[in-house]
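Asker: quick one, what's the 3D model for this:
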Amino acid sequence: MELKINQQIKKFNAESLSVQSLLDLEIPNKQNGIAVAINNTVVPKINWNQHFVQETDEILIISATQGG
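Answerer: Modelled structure (predicted):
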């Protein structure tokens, strides 16, 4: 599966991935303070296990930062 994540094409050895599975592969240790948008729509964290990504999706993973 080929996905566009944060404007970069990445390949995964899976036929289907939930948002949670994708995050487990991409950022396994830093999932607090993360927001995920697919095709410009935020996917609530409560839905990460049930929402599956498609190859045509544009995925944006944003992590909150502190500071000013």
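Asker: can you give me the strands for the chain?
Answerer: With DSSP state E as the criterion, the chain has strands at 2-5, 8-11, 17-18, 34-38, 41-43, 52-53, 58-63.
Asker: and residue 28, which of those strands is closest to it?
Answerer: strand 34-38 (11.8 Å; CB to CB). C-beta here means a position set from N, CA and C on the backbone, and glycine is covered the same way.
Asker: show me where pLDDT drops low in this protein?
Answerer: The model of the chain has pLDDT under 70 over residues 66-68.
Asker: cutoff 80 now
Answerer: 65-68 (pLDDT under 80).
Asker: quick one on the thing from earlier: and the strands of the chain as CSV, adding distance to residue 28 and mean neighbour count?
Answerer: Shown next, in CSV, are the strands of the chain (distance: least, CB to CB, whole Å; neighbours: other CB atoms under 10 Å):
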stretch, distance to residue 28, mean neighbour count
strand 2-5, 15, 15
strand 8-11, 15, 10
strand 17-18, 14, 18
strand 34-38, 12, 16
strand 41-43, 18, 12
strand 52-53, 17, 18
strand 58-63, 13, 15
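Asker: redo those as TSV? Include distance to residue 26.
Answerer: Converted to TSV, the strands of the chain look like this (distance: least, CB to CB, whole Å):
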stretch	distance to residue 26
strand 2-5	7
strand 8-11	8
strand 17-18	10
strand 34-38	10
strand 41-43	14
strand 52-53	11
strand 58-63	7
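Asker: and residue 24, which of those is closest to it?
Answerer: Closest to residue 24 of the strands of the chain is strand 17-18 (CB to CB; 9.1 Å).
Asker: ok, and what's touching stretch 11-31?
Answerer: With contacts defined as CB atoms under 8 Å, 6 or more residues apart in numbering, stretch 11-31 is touched by 1-3, 5, 10, 34, 36, 38, 43, 47-53, 59, 61, 63.
Asker: please repeat the previous calculation with a cut-off of 7 Å.
Answerer: Applying CB atoms under 7 Å, 6 or more residues apart in numbering, the contact partners of stretch 11-31 are 1-3, 5, 34, 36, 43, 48-53, 61, 63.
Asker: now that stretch: buried residues?
Answerer: 12, 17, 18, 19, 20, 21, 22, 23, 26 (16 or more other CB atoms under 10 Å).
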